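Novice: missing the sequence, but the structure's below:
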């Protein structure tokens, strides 16, 4: 049975779309057949991050209106044929589709894809309701900020009330050095509030911005980056592997910092 | 603001709730959060008058509480004022009530005022939350009687309710309603129906009555969830920031209380708030208000918040019963 996962956060700008693009790509690289759906009708971005913008002909709205077949609207990625994107309509609003229609679309995709990732819009209104309606699991993306965590908490509650029980947390854009100086919430602080299992921690990385602007998911790039490794690890955990959390301090480390941490741990 | 006064001070603050933050701030020098009282939903217009007591913030003295458990931290509140019961007209919620081996599922009335009436979606959310949280409250196959009041329910909605109840091991048996359409829909769905004229059907008048049985919830109260109950509320789990519990009785949180908690919402100052880890956004008892200190205490122990003549006090749970006995009553 295929896995239907919604990527959501409540707050905007925390990295839902970036996560969806990278997780989708990384799963496809592992040989899984993956469909990613942009549920952000009217403000679509997923196509940009995947670099597929110029290949969109039809969108989900046309499929629902019966103007084209589902496989005509799906955009196959040339770099990674296992990955397909179902784009959202840009000229419509969230009210253009209903939760029932989303369920139908996803059910159709689930017949031929092992993973269906749904990129949810920010907020908890109609677009969010549409995105979570077909989902069986959820990945909650948050940054270590109280506003993002508060919104994520609300979203977890709404997902529970909508019978999406299997939820995993991704803490995005963490700055280990700031956590060390007590200037940023730690992963533990975030988990204490949200109380859902942790899928992974993605460090703040400038390379993410570069990859977004280029339309090349980070996990595709040849040179390894800490954020790319973290995203790959998340995918491995999603597939049931036991992968230890990255030591995010490793890259910008010196002997003194190592010694200090050792000392802290002892006490 | 100048809220970091390190001296334990009792704030004698008798300013009235004012919608003007600047004015409030001026009256309330140790209170960093200027508009506390103005935001209190319990301070409805009837209570916003000059004789209404104003509770103030937990002062910086609060930071001492683990060290000085015998001298519980003080919070300001005018000693001369007697809190008047809040004439609360709480927004009704979906409720379960055990009665003679059956479970009554009570839906809030369908008021036509747009601000008050809950939409079907909100009712549905509340129903699911309650079902998720209360699975040790009933035995499998308990019959459920739906008290629909004047709410219009179509056959699809009735079927949804019946389905979600049966998923949780409950059986929808009977429907009480005052609406003809609902009665017809229920009869079509094969449920037994009792139709009452609107005036006489079961509407518990919630003010001035014996408290409802305690509401037992096993869940994490997440941001955005508001629990209102005309009795005591017991939460097995955390109450996260952004959640609120408003109870006419006591509030007991077996976990961390980080949201807003209001005990004795209909005016009983003898109600208490207890938590294993009390770090609330705000606590209210009757119409006294206290908020968390700016500087969190270093260590958290189970604590009890109650109303003393000086306002809301917080004391260690381990010391509480002794103090309660010695002081007798705090009225």
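Specialist: Arrived safely. Remember, predicted model here, so these are calculated numbers, not experimental data.
Novice: output the set of residues of the stretch 151-300 of chain B in proximity to chain A.
Specialist: Along the stretch 151-300 of chain B, the residues adjacent to chain A under the rule CB under 8 Å from any CB of the partner chain are B:220, B:222, B:223, B:224, B:225, B:238, B:240, B:241, B:242, B:258. Where C-beta positions appear, they are placed from N, C-alpha and C, glycine not excepted.
Novice: if I look at the residue of the stretch 201-331 of chain B found nearest chain A, how far off is residue B:129?
Specialist: Closest contact between the stretch 201-331 of chain B and chain A, by CB to the nearest CB, is at residue B:222 (3.4 Å). Going from residue B:222 to residue B:129 by CB to CB, to the nearest Å gives 10 Å.
Novice: between these two, who's got more neighbours?
Specialist: Per other CB atoms under 10 Å in any protein chain shown, whichever of residue B:222 and residue B:129 has more neighbours is residue B:222, with 29 against 22.
Novice: contacting residues around the more buried one?
Specialist: A:153, A:154, A:156, A:157, A:160, B:240, B:242, B:243 (CB atoms under 8 Å, 6 or more residues apart in numbering or on different chains).
Novice: quick one, helices of chain B?
Specialist: For chain B, the helices defined by DSSP state H occupy B:21-27, B:36-39, B:120-133, B:155-167, B:180-188, B:317-327.
Novice: reformat those as JSON lines; add mean pLDDT and distance to residue A:50.
Specialist: Shown next, in JSON lines, are these (pLDDT from 0 to 100; distance: least, CB to CB, whole Å):
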{"stretch": "helix B:21-27", "mean pLDDT": "35", "distance to residue A:50": "48"}
{"stretch": "helix B:36-39", "mean pLDDT": "40", "distance to residue A:50": "45"}
{"stretch": "helix B:120-133", "mean pLDDT": "85", "distance to residue A:50": "33"}
{"stretch": "helix B:155-167", "mean pLDDT": "90", "distance to residue A:50": "38"}
{"stretch": "helix B:180-188", "mean pLDDT": "87", "distance to residue A:50": "48"}
{"stretch": "helix B:317-327", "mean pLDDT": "76", "distance to residue A:50": "55"}
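Novice: which parts of stretch B:165-181 are buried?
Specialist: Residues B:165, B:168, B:170, B:172, B:173, B:174, B:175, B:176, B:177, B:178, B:179 are the ones in stretch B:165-181 that count as buried (16 or more other CB atoms under 10 Å in any protein chain shown).
Novice: tell me which stretches of the stretch 51-200 of chain A form helices.
Specialist: Listed in chain order, the helices of the stretch 51-200 of chain A (DSSP state H, counting those that start in this stretch) span A:60-64, A:70-73, A:99-110, A:126-132, A:146-161, A:176-180, A:187-194.
Novice: chain B: which of those helices is closest?
Specialist: helix A:146-161 (3.4 Å).
Novice: buried residues in that closest one?
Specialist: A:148-161.
Novice: by pLDDT, give me the weakest of those residues.
Specialist: In this model, the minimum pLDDT among the buried residues of helix A:146-161 belongs to residue A:161 (88).
Novice: that older thread, can you tell me which two in the contacts of residue B:222 are farthest apart?
Specialist: A:160 and B:242 (15.0 Å; CB to CB).
Novice: okay, and the common contacts of residue B:222 and residue B:129?
Specialist: Joint contacts of residue B:222 and residue B:129 (CB under 8 Å, 6+ apart) are A:157, A:160.
Novice: so where is the stretch 201-331 of chain B shaky, pLDDT-wise?
Specialist: Scanning the stretch 201-331 of chain B for pLDDT under 70 picks out the ranges B:201-209, B:325-331.
Novice: can you pull out the strands in it?
Specialist: Here the stretch 201-331 of chain B has its strands, by DSSP state E, counting those that start in this stretch, at B:212-217, B:226-229, B:231-236, B:244-247, B:251-257, B:260-263, B:273-278, B:282-285, B:288-291, B:303-308, B:311-316.
Novice: the longest one packs against which elements?
Specialist: Here strand B:251-257 touches strand B:231-236, strand B:260-263, strand B:273-278, going by 3 or more CB pairs under 8 Å, 6 or more residues apart in numbering or on different chains; DSSP states H and E.
Novice: list the buried ones in that strand?
Specialist: In strand B:251-257, the ones that count as buried by 16+ other CB under 10 Å are B:251, B:252, B:253, B:254, B:255, B:256, B:257.
Novice: test my guess that the fourth one contacts residue B:238.
Specialist: No - counting by CB atoms under 8 Å, residue B:254 sits too far from residue B:238 to count as a contact (9.3 Å).
Novice: quick one: residue B:175 and residue B:184 touch, right?
Specialist: No - counting by CB under 8 Å, residue B:175 does not reach residue B:184; the two are 11.0 Å apart.
Novice: what's the nearest residue to residue A:43 if we skip its chain neighbours?
Specialist: With CB to CB, 6 or more residues apart in numbering or on different chains as the criterion, residue A:43 has its nearest non-adjacent residue at 6.7 Å, and that residue is residue A:121.
Novice: which parts of the stretch 151-267 of chain A sit against chain B?
Specialist: Within the stretch 151-267 of chain A, the positions adjacent to chain B are A:151, A:153, A:154, A:156, A:157, A:158, A:160, A:161, A:162, A:163, A:193, A:195 by CB under 8 Å from any CB.
Novice: switch the cut-off to 10 Å
Specialist: A:151-163, A:165, A:192-196 (CB under 10 Å from any CB of the partner chain).
Novice: and the strands in chain A?
Specialist: A:3-8, A:34-38, A:75-76, A:83-86, A:115-119, A:137-142, A:166-174, A:198-203 (DSSP state E).
Novice: the closest residue to residue B:303 other than its chain neighbours and residue A:23, how far apart?
Specialist: When the adjacent residues along the chain are set aside, residue B:303 lies closest to residue B:278, with 4.3 Å between them (CB to CB, 6+ apart). Per CB to CB, residue B:278 is found 39 Å from residue A:23.
Novice: the more surrounded of the two?
Specialist: Comparing residue B:278 with residue A:23 by neighbour count (other CB under 10 Å), the higher total belongs to residue A:23, at 27 against 24.
Novice: can you pull the contacts of that one?
Specialist: Listed by CB atoms under 10 Å, 6 or more residues apart in numbering or on different chains, the contact set of residue A:23 reads A:5, A:7, A:34, A:36, A:115, A:117, A:139, A:170, A:199-200, A:217, A:219, A:231-232, A:234-235, A:238.
Novice: likewise for residue B:125?
Specialist: With CB under 10 Å, 6+ apart, residue B:125 has these contacts: A:157, A:158, A:161, A:162, B:94, B:118, B:119, B:224, B:225.
Novice: between those, which is nearest residue B:145?
Specialist: Proximity of those to residue B:145 (CB to CB) peaks at residue B:94, which lies at 14.0 Å.
Novice: need the overlap of contacts for residue B:175 and residue B:184.
Specialist: Common contacts of residue B:175 and residue B:184, defined by CB under 10 Å, 6+ apart, comprise B:193, B:195.
Novice: which ones are touching residue B:94?
Specialist: The contact partners of residue B:94, by CB under 10 Å, 6+ apart, come to B:105-108, B:118, B:122-131.
Novice: and the buried ones among those, selectable in ChimeraX?
Specialist: Buried residues among those (16+ other CB under 10 Å), as a ChimeraX selection:
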select /B:105,106,107,108,118,123,124,125,126,127,128,129,130,131
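Novice: show me how chain B divides into domains.
Specialist: What automatic domain parsing lists as the domains of chain B is B:91-200, B:208-331.
Novice: if you compare those domains, which one is most tucked away?
Specialist: Highest mean neighbour count of the domains of chain B: domain B:208-331, a mean of 21 (counted as mean count of other CB atoms under 10 Å in any protein chain shown).
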